[in-house]
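1. Quick one, what's the 3D model for this:
(chains A and B)
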There are 2 protein chains.
Amino acid sequence: VRPGSTAEVAAVVRACAAAGVAMVPQGGNTGLVGGAVAAGQLIINLGRMNNIREVDAADFTMTVEAGAVLADVQAAAEVANRLFPLSLAAEGSCQIGGNLATNAGGTGVLRYGNMRELTLGLEVVLPSGEVWDGLRRLRKDNTGYDLKHMFIGGEGTLGIITAAVLKLFPLSVSSATAFVGLPDVASALAVFERLRPATGDQLTTFELLTRPCIDMVLAHIPGAVDPLSAPYQAYALIELTSSQQDSGLEQLLERELAAAIEAGTVADAVLARSQAQRASLWHLREAIPEAQKPEGASVKNDISVPVSKVAEFIARAGTAVQQAVPGIRLVSFGHIGDGNIHFNLSQPVGADSAAFLARWDELTGLVSDVAESLGGSFSAEHGIGLVKRSDLARRREPVELALLRQVKQALDPRGLMNPGKMLVDEKPP
Amino acid sequence: VRPGSTAEVAAVVRACAAAGVAMVPQGGNTGLVGGAVAAGQLIINLGRMNNIREVDAADFTMTVEAGAVLADVQAAAEVANRLFPLSLAAEGSCQIGGNLATNAGGTGVLRYGNMRELTLGLEVVLPSGEVWDGLRRLRKDNTGYDLKHMFIGGEGTLGIITAAVLKLFPLSVSSATAFVGLPDVASALAVFERLRPATGDQLTTFELLTRPCIDMVLAHIPGAVDPLSAPYQAYALIELTSSQQDSGLEQLLERELAAAIEAGTVADAVLARSQAQRASLWHLREAIPEAQKPEGASVKNDISVPVSKVAEFIARAGTAVQQAVPGIRLVSFGHIGDGNIHFNLSQPVGADSAAFLARWDELTGLVSDVAESLGGSFSAEHGIGLVKRSDLARRREPVELALLRQVKQALDPRGLMNPGKMLVDEKPP
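-> Below is the predicted model:
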């Protein structure tokens, strides 16, 4: 069903509740863990509820419906001279409701936070069909448990988010972008630790790339060029942004990178001198998933560790999978400031793809074990859905699993909302 | 009891659970709504659990125990060249556990967020005496409902927070501070809306003061001086800060204030030219509660409204209380960027204090009604505790109250944790 209003969503849910029919809320269908996949349940697709209800520039907030496409939300904010900073690869088709249900991350988290931090209020249709109007646009409101945080990241298992109040920021009008060659991954952390204070926390992007990423992009993406004259073990794509007109960011970044070269933590660097050059540097980062495809099968990981443990994680996880599959290729990249590494693994050259993919669980298990031993997480930004629910069941303490079940049981006692997602069902409806 | 470790807290809670004894967790005892007051329950005071377990500068995190005093936490961060930005009047004695349990706000929220946004992980002793180890130091971790958000702001009604992982920021090393005279309250919003983008979001403080606040400070605080040569209807205390050494903040603020004078939204302004001058400007703001005391009884409000509604709120709430109590004096000040106004009311000159205080509920009710009609909240940062639980019961929709009860029932089914706080007990233990 494709309801067009909150009242219609509520009517559908009431009917389902009365008939004991289970439901799967669905947004833009861009999730990576099967959270919006139905198997015998009614799909409630929010795509028609795509209104931008209000943009209040003075308040630095906007109110949008769940089906609004992320790129449209960004554009509506920009018209009001404001920034909605959530940004991720699927932004042209993913919807705010899905971004909320999965607590989406992406490339702006370092400075602006996850979807959770970008949300002030929610409107939710509860499993009973009642509507909870929590659409408050308040920066401070200490009146009871903060209920919105159960639904954000709740993957549709507690209710259906129909609208939200989002935080806005001043629009960025100046930026400085650099592509930096590093002697090793540990140097990326040293440069991050230098730049964050030195730039007055105007660091918006600090993306790590390893050399195999660049090799694949250069091999398979037409027009891609290595902007540095020699190869390096690791790279960082760094961007500062500001809403201040004459922010001096370029000179600032240039000066700090020169100091880092002096200190030996940066080997070489190039600054974007035009929007075209900026776009081509960003393209090196964004094209990685595409460039990985012609190299055969790949096993994807989305782990996080404490920021200070990123280099150790990459080294140890690399050793673990190389012992398991000699010749495996490590295509790791990610968001250093968030400790979030997409530790992707390409099959050995010439290996059998099916045989490689058959070892998916073994390989992700090895990688997750290393992350866990460093206090990390096996799912940083993609969530649990169907794909990772056995990891959740296995990797979290019984005390925590019991708390998760208590919340689910309290809010959806009949188990009608997105059953079988996140938590392994004890008794499927 | 004064347990000295997580294990001791757990042992005490297990014993209470076995014996059916209700508990009240207690921190620094600086709350304003009676949340840590016991009446027949066992007080569990966390003050001995005051270790700073770890400061990780590279990770921009620290791990602290619940009984650590906020000022000590700030100081430990500073030693590592990092900022823990939570700041409020009681910071010399309030404890992190209480800051977490009440989702503390204060003067740094505009830039850095509430306590909730400053927290990455928690360790909690559950009502059963089991320990939930959620002390993860991850910026991204989408693995199930984000349980910490039930305990943060939960006012000790769901469990006892024993430790937390906090976010750190680069330490500020430069600042610019101005005290600004405004033609009216609405101009404060216009100046805020100008400065936030123009300063590249380096605006850390934007405090509103109204003229009666200044009058009382000048009358009662020794050494206080009006830094401007004429009186104005409203004032703003504005501060920009940066971790960048040569940040140019002072010239930036000077230039933007000059433009605001040109535009008519600022009447006059003075910039602090020394640390001593900066301190004396801040003192005008911080001395308000003290200066209000010699003026007789006062009724305190802690409301929030959408930022764009602050001026309308102050005007309408003023009219409402002046109609109820002719001669009442409006001592409103607050955090403009958070839409959080401490709309305090001093008794008419020469009136009977007891008779004035007897109208507390009537007056706070009038003020809260206006806030509510503007989409606001009757408790912005102080919480519910004992004092505001009837407001919560009256002012929130049944759907929301039912959700709050479902959460309480799920996590503390026997009602042993801080009973009678936040929610009015249905059946007191």
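
2. phi, psi of A:Ala75?
-> The phi and psi torsions at A:Ala75 (degrees, to the nearest 10) take the values phi -70, psi -40.

3. brain fart, A:Gly27
-> Backbone torsions for A:Gly27, taken as degrees, to the nearest 10, come to phi -110, psi -120.

4. my guess is it meets A:Ala104, correct?
-> No. Under the criterion of CB atoms under 8 Å, A:Gly27 lies out of contact with A:Ala104, with a separation of 10.4 Å. Every C-beta, even on glycine, is put in place using the N, C-alpha and C of the backbone.

5. Quick check: neighbours shared by the two?
-> Contact criterion CB atoms under 8 Å, 6 or more residues apart in numbering or on different chains; residues shared by A:Gly27 and A:Ala104: A:94, A:98.

6. Report the central residue of chain A.
-> With distances taken as CA atoms, centre = their mean, A:Gly105 lies nearest the centre of chain A, 2.9 Å away.

7. Spatially, what comes nearest to that residue if we skip its sequence neighbours?
-> Computed as CB to CB, 6 or more residues apart in numbering or on different chains, the closest residue to A:Gly105 that is not its neighbour in sequence is A:Glu381, at 3.4 Å.

8. Can you list the low-confidence ranges for the stretch 1-150 of chain A?
-> The stretch 1-150 of chain A contains no residues with pLDDT under 70.

9. Closest residue of it to chain B?
-> A:His149 (3.5 Å; CB to the nearest CB).

10. give me the number of residues near the closest residue to A:Gly337 other than its chain neighbours?
-> Counting by CB to CB, 6+ apart, A:Leu110 is the residue found nearest to A:Gly337 once chain neighbours are left out, at 3.5 Å. When counting by other CB atoms under 10 Å in any protein chain shown, one arrives at 22 neighbours for A:Leu110.

11. which secondary structure element contains A:Leu110?
-> Under the criterion DSSP states H and E, the helix or strand holding A:Leu110 is helix A:109-112.

12. Now do that helix: distance to the chain's middle.
-> On the basis of CA atoms, centre = their mean, to the nearest Å, the separation between the geometric centre of helix A:109-112 and that of its chain is 11 Å.

13. What helices and strands are in contact with it?
-> strand A:203-210 (3 or more CB pairs under 8 Å, 6 or more residues apart in numbering or on different chains; DSSP states H and E).

14. Roughly how far does A:Ala71 sit from A:Glu91?
-> Distance, A:Ala71 to A:Glu91, by CB to CB, to the nearest Å: 5 Å.

15. which of the two has more neighbours?
-> Under the criterion of other CB under 10 Å, the comparison of A:Ala71 against A:Glu91 puts A:Glu91 first, with 19 against 14.

16. With adjacent residues omitted, what lies nearest to A:Ser93?
-> Of all residues beyond its chain neighbours, the one nearest A:Ser93 is A:Gly28 (4.7 Å), with distances taken as CB to CB, 6+ apart.

17. do A:His149 as well
-> Ranked by CB to CB, 6+ apart and with sequence neighbours excluded, the top spatial neighbour of A:His149 is B:His149, at 3.5 Å.

18. Is it correct that that neighbour is in contact with A:Gly153?
-> No. Checked against CB under 8 Å, the pair B:His149 and A:Gly153 is beyond contact range at 9.5 Å.

19. for A:Asp391, helix, strand, or coil?
-> With DSSP: H, G, I helix; E, B strand; the rest coil as the basis, A:Asp391 sits in helix.

20. For it, give its distance to A:Gly35.
-> For A:Asp391, the distance to A:Gly35 (CB to CB) stands at 14 Å.

21. who's more crowded, those two?
-> Set A:Asp391 next to A:Gly35 and count neighbours by other CB under 10 Å: A:Gly35 wins out with 27 against 19.

22. what sits against the more buried one?
-> A:101-102, A:155-156, A:383-386, A:418, A:421-422.

23. three-state assignment of the closest residue to it other than its chain neighbours?
-> Here the nearest residue to A:Gly35 in space, its sequence neighbours aside, is A:Gly385; by CB to CB, 6+ apart that works out to 3.5 Å. Three-state assignment for A:Gly385 (three-state DSSP): coil.

24. returning to that earlier point: looks to me like the residue of the stretch 1-150 of chain A closest to chain B is in a strand.
-> No. The assignment for A:His149 by three-state DSSP gives helix, which leaves it out of any strand.

25. For A:Ala90, list the residues it contacts.
-> Residues in contact with A:Ala90, defined by CB under 8 Å, 6+ apart, are A:28, A:30, A:70.

26. As TSV, those residues with secondary structure and neighbour count would be great.
-> Compiled in TSV, the contacts of A:Ala90 are given as follows (DSSP: H, G, I helix; E, B strand; the rest coil; neighbours: other CB atoms under 10 Å in any protein chain shown):
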residue	secondary structure	neighbour count
A:Gly28	coil	23
A:Thr30	coil	19
A:Leu70	helix	27
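
27. Could I get the full set of helices for the stretch 51-200 of chain A?
-> In the stretch 51-200 of chain A, helices defined by DSSP state H, counting those that start in this stretch lie at A:70-79, A:96-101, A:109-112, A:148-151, A:185-198, listed in chain order.

28. Touching, A:Tyr381 and B:Asn142? I think so.
-> For residue A:381 the amino acid is Glu, not Tyr. Yes. The pair A:Glu381 / B:Asn142 is scored as a contact, 5.7 Å apart, by CB under 8 Å.

29. Return every residue with contacts to both of the two.
-> A:102-103, A:105.

30. wait, which of those is closest to B:Gly318?
-> A:Asn103 (40.8 Å; CB to CB).

31. Report the contact partners of that closest one.
-> With contact taken as CB under 8 Å, 6+ apart, A:Asn103 is in contact with A:114-116, A:152-153, A:381, A:383, B:142, B:146.

32. Now it. Nearest residue, chain neighbours left out?
-> For A:Asn103, the nearest residue in space outside its immediate sequence neighbours is A:Gly153; the separation is 3.6 Å by CB to CB, 6+ apart.

33. Next up, identify which helix or strand A:Trp279 is on.
-> Check again: residue A:279 is Ala, not Trp. helix A:275-286.
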